[in-house]
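A.B. asks: Build me a structure from this.
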Amino acid sequence: MTTLVLMWADAVRRYGDRPAVQHDDVTLSYAELDRYANTIAWHLHRRGLRPEDRVAVCLPRGVDVLAAILGVLKAGGAYVAVDPRYPDARRDLMVEASGAVTTLTEAELPDRAAAEDGPPAVEVGPAHAACVLFTSGSSGTPKAVVLEHRNVCGFARNSSLPPLRSTDRMGQISSLSFDAFHYELWCAVAHGAAIVVLPTIPEMLAADLRKELRRRRITAMLVPTMAVNHVVREDRDAFSSLRVLCTGGDVILPGTCRELLAGDFSGEFHNLYGPTEATTACTAYPVVDVPAQAESVPIGHPVAGARVYVLDEALRPVAADASGQLYVGGHGVGRGYLGNPGLTAERFLPDPFQPGGRMYATGDLARRRPDGALEFLGRADRQVKVRGYRVELGEVERVLGGHPQVREVAVLTAGDGQDRALVAVVTRHGPVHPDELRAYAAELMPQHMVPSAFLVVAEMPASDHGKRDWQALERLCEAERARRSAHAPPSTPGEVLLAGIWAELLAVEVVGADDDFFGLGGNSMMAFRAQQRIRRQTGVVLDFRDIFARPVLRELAAFLDQQAQPEVVA
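C.D. replies: Just a heads-up that it's a prediction; the model follows:
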């Protein structure tokens, strides 16, 4: 057993002169980043930081945030990942809930030039807390997950993950609040690779993602699943320069994998699965071939040191090929939920198959395929009652997903009691009418399982972490109902032009003058595509941020008309 501090020290000894981090025009070697981290560690130590104290790190992605994390760990503390882009109320809640003794912001950082050669003498052990990450709670209150040094070290050095090299350049795109950041930071450090801080995927898409990755010589990345699904559909060779591509966070589409593998990509492609509570990845699946008839892509086999069980309600292994809840044991299982012993006891259980061990109840359903690989089936808590019938939303999604024109599907409920109804939100491969989907569902499911409404969108809403955003889906359904009840058609030429672009891009039949781009299912990636289509059809070059600033069609059309007016010279 080791610690992140010792693992980092070993990397500095072995790769001291090699680049550790590059952001824009700033590059620091392992030795230079180490000295900067020492400066921060001494700054915290002199302020009285003690082992197990928590420090909120609220810094944008870049050199400073990496040094801050290392500095907190060297001083014996645990860092609390707080994304500075979050709303003030969310940041305040995270800092308060974590019990952080101080917060590191840009204003709080010591001068990088005042470098220290060594860290303070603080004992840090494998069982010490390393970080606190927040995950969404079903009640709306985020849960603070405590991970220890041994959890993250076991992940960083896991032999089941595609091996990195000291010559690799890791593309860093994740917020430090997302557990994918562990891969970008600690897996790179464990192998002496360089961490290259990149713009977001949407920003690079606007500049041609394929060219950006080649220009920056990126060889390894962990990209959220929904982003991979989107990018590969637009350009299947966008990741072709990578030696290692990992994905995780949601369900990877079989069609995405087939497209990627049919193109110029020749590296290793791995589908990862794992909740934050089990440290980023507890299963992995190397994707080398996806048959044409495949309806899903496995999440694979347990990574080294992990134990993964498919159990029934009595915690007994289910029969082969039967579904059950997924439980995870082994070195990745974290300490529990900070300040919530009741929920910790409910979800972090004694491992009945490993004396003295613990396992985490993921709340996910899975089954083992004949080859032993695990197949993800959805959430275990997505059973609802509709008109007295019990309905598994995941089952409805799987049936609708079998339609040849359906790419992705999410099924939600609307209303309460006897008025509760099912609503299906789908993205499509080609033209498909809601009536066709309804008829298809009625042929394969009893009437109480057939959604009352079908909403076709261009893209599934995604969170900042690349996972399906269920709250956004609920808002989308509400907005669609309100929109259809109060529709104002476009009237000016600019509104008509924009309405046509939005209708095609967002896959909606009706676009009104008062519609909101994001209320119709748009996201940052779609905003970039809208920007490009506006430029092609009008010659006006908008900044994609103009769409964020004026998301209502009427307002954006007026702004577009202003930009199109020739400049009058007196």
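
A.B. asks: Show me where the stretch 101-250 of the chain has its helices.
C.D. replies: Counting by DSSP state H, counting those that start in this stretch, the stretch 101-250 of the chain has helices at residues 149-156, 180-182, 188-191, 201-206, 209-215, 225-234.

A.B. asks: mind putting these in TSV, mean pLDDT, distance to Arg258 and mean neighbour count included?
C.D. replies: Using the backbone N, CA and C atoms, a C-beta is placed for each residue, glycine as well. Converted to TSV, the helices of the stretch 101-250 of the chain look like this (pLDDT from 0 to 100; distance: least, CB to CB, whole Å; neighbours: other CB atoms under 10 Å):
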stretch	mean pLDDT	distance to Arg258	mean neighbour count
helix 149-156	96	29	24
helix 180-182	93	24	25
helix 188-191	97	29	22
helix 201-206	80	21	20
helix 209-215	93	19	17
helix 225-234	86	9	22
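
A.B. asks: now for these, which one comes closest to Thr105?
C.D. replies: Closest approach to Thr105 among the helices of the stretch 101-250 of the chain (CB to CB): helix 180-182, 18.2 Å.

A.B. asks: Could I get the helices of the stretch 101-250 of the chain in JSON lines, plus columns for distance to Val95?
C.D. replies: Formatted as JSON lines, those follow (distance: least, CB to CB, whole Å):
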{"stretch": "helix 149-156", "distance to Val95": "22"}
{"stretch": "helix 180-182", "distance to Val95": "18"}
{"stretch": "helix 188-191", "distance to Val95": "26"}
{"stretch": "helix 201-206", "distance to Val95": "28"}
{"stretch": "helix 209-215", "distance to Val95": "34"}
{"stretch": "helix 225-234", "distance to Val95": "29"}
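
A.B. asks: quick one: which of the ones you listed is nearest Gly342?
C.D. replies: Nearest to Gly342, of these and by CB to CB, is helix 149-156 at 21.8 Å.

A.B. asks: how far does that closest one sit from the chain's center?
C.D. replies: 20 Å (CA atoms, centre = their mean, to the nearest Å).

A.B. asks: Met359 should be in a helix, yeah?
C.D. replies: No. With DSSP: H, G, I helix; E, B strand; the rest coil as the criterion, Met359 is located in strand rather than a helix.

A.B. asks: Ala81 is in contact with Val57, correct?
C.D. replies: Yes. In terms of CB atoms under 8 Å, Val57 counts as a neighbour of Ala81; the distance is 6.5 Å.

A.B. asks: The two: who's more crowded?
C.D. replies: Between Val57 and Ala81, counted using other CB atoms under 10 Å, Val57 has the larger neighbour count: 27 against 21.

A.B. asks: Report the beta-bridge partners for that one.
C.D. replies: For Val57, the beta-bridge partners are Ala81, Leu104 (DSSP bridges).

A.B. asks: give the contact list for it.
C.D. replies: Taking CB atoms under 8 Å, 6 or more residues apart in numbering, we find Val57 in contact with 65, 68-69, 72, 79-82, 103-104, 176.

A.B. asks: Quickly list what's touching both of Val57 and Ala81.
C.D. replies: Joint contacts of Val57 and Ala81 (CB under 8 Å, 6+ apart) are Leu176.

A.B. asks: Kindly reformat the contacts of Val57 as CSV containing distance to Leu311.
C.D. replies: Shown next, in CSV, are these (distance: CB to CB, whole Å):
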residue, distance to Leu311
Val65, 39
Ala68, 40
Ile69, 36
Val72, 37
Tyr79, 34
Val80, 33
Ala81, 31
Val82, 35
Thr103, 41
Leu104, 41
Leu176, 33
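
A.B. asks: Pop the domain breakdown of the chain in here.
C.D. replies: 1-161+177-191, 382-456, 482-564 (automatic domain parsing).

A.B. asks: can you list these in a markdown table and add distance to Tyr327?
C.D. replies: As requested, those are exported to a markdown table (distance: least, CB to CB, whole Å):
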| stretch | distance to Tyr327 |
| --- | --- |
| domain 1-161+177-191 | 17 |
| domain 382-456 | 18 |
| domain 482-564 | 33 |
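
A.B. asks: Out of those, which is closest to His270?
C.D. replies: Here domain 1-161+177-191 is closest among the domains of the chain (CB to CB), at 7.2 Å.

A.B. asks: Which of the helices of the stretch 101-250 of the chain sits closest to Asp546?
C.D. replies: Nearest of the helices of the stretch 101-250 of the chain (CB to CB): helix 201-206, 12.8 Å.

A.B. asks: still on that earlier bit, deepest-packed of the domains of the chain, please.
C.D. replies: domain 1-161+177-191 (a mean of 19; mean count of other CB atoms under 10 Å).

A.B. asks: where along the stretch 251-400 of the chain do the helices fall?
C.D. replies: Under DSSP H, counting those that start in this stretch, the stretch 251-400 of the chain gives helices at 254-262, 341-347, 393-400.

A.B. asks: right, so of these, which gets closest to Ala488?
C.D. replies: Nearest of those (CB to CB): helix 393-400, 31.7 Å.

A.B. asks: helices or strands up against the helix or strand just after the closest one?
C.D. replies: For helix 393-400, the following helix or strand on the C-terminal side (DSSP states H and E) is strand 406-414. If you count contacts as 3 or more CB pairs under 8 Å, 6 or more residues apart in numbering; DSSP states H and E, strand 406-414 packs onto helix 393-400, strand 421-428, helix 470-485.

A.B. asks: go again using 10 Å as the cut-off
C.D. replies: Secondary-structure packing of strand 406-414 (3 or more CB pairs under 10 Å, 6 or more residues apart in numbering; DSSP states H and E): helix 225-234, strand 383-386, strand 389-392, helix 393-400, strand 421-428, helix 434-444, strand 453-456, helix 470-485.

A.B. asks: could the helices of the stretch 251-400 of the chain go into a markdown table alongside distance to Gly118 and mean pLDDT?
C.D. replies: Shown next, in a markdown table, are the helices of the stretch 251-400 of the chain (distance: least, CB to CB, whole Å; pLDDT from 0 to 100):
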| stretch | distance to Gly118 | mean pLDDT |
| --- | --- | --- |
| helix 254-262 | 46 | 93 |
| helix 341-347 | 37 | 95 |
| helix 393-400 | 53 | 84 |
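
A.B. asks: Make JSON lines from the ones you listed and add distance to Ala410 to it.
C.D. replies: Formatted as JSON lines, the helices of the stretch 251-400 of the chain follow (distance: least, CB to CB, whole Å):
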{"stretch": "helix 254-262", "distance to Ala410": "17"}
{"stretch": "helix 341-347", "distance to Ala410": "24"}
{"stretch": "helix 393-400", "distance to Ala410": "7"}
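
A.B. asks: Quick check, Gly357 in contact with Gly332.
C.D. replies: No. Using CB atoms under 10 Å, Gly357 makes no contact with Gly332, being 11.9 Å away.

A.B. asks: what is in contact with those two at once?
C.D. replies: Counting by CB atoms under 10 Å, 6 or more residues apart in numbering, the common neighbours of Gly357 and Gly332 are Arg307.

A.B. asks: Neighbour count: those two, which is higher?
C.D. replies: Gly332 (27 against 15).

A.B. asks: Got phi/psi on that one?
C.D. replies: phi -80, psi -10 (degrees, to the nearest 10).

A.B. asks: for the helices of the stretch 251-400 of the chain, which one sits closest to Gln532?
C.D. replies: The nearest among the helices of the stretch 251-400 of the chain, by CB to CB, is helix 254-262 at 20.7 Å.

A.B. asks: what about the closest residue to Arg367 other than its chain neighbours, distance to Tyr440?
C.D. replies: Residue nearest to Arg367 in three dimensions, not counting chain neighbours: Ser323, with 4.6 Å by CB to CB, 6 or more residues apart in numbering. Ser323 is 23 Å from Tyr440, where distance means CB to CB, to the nearest Å.
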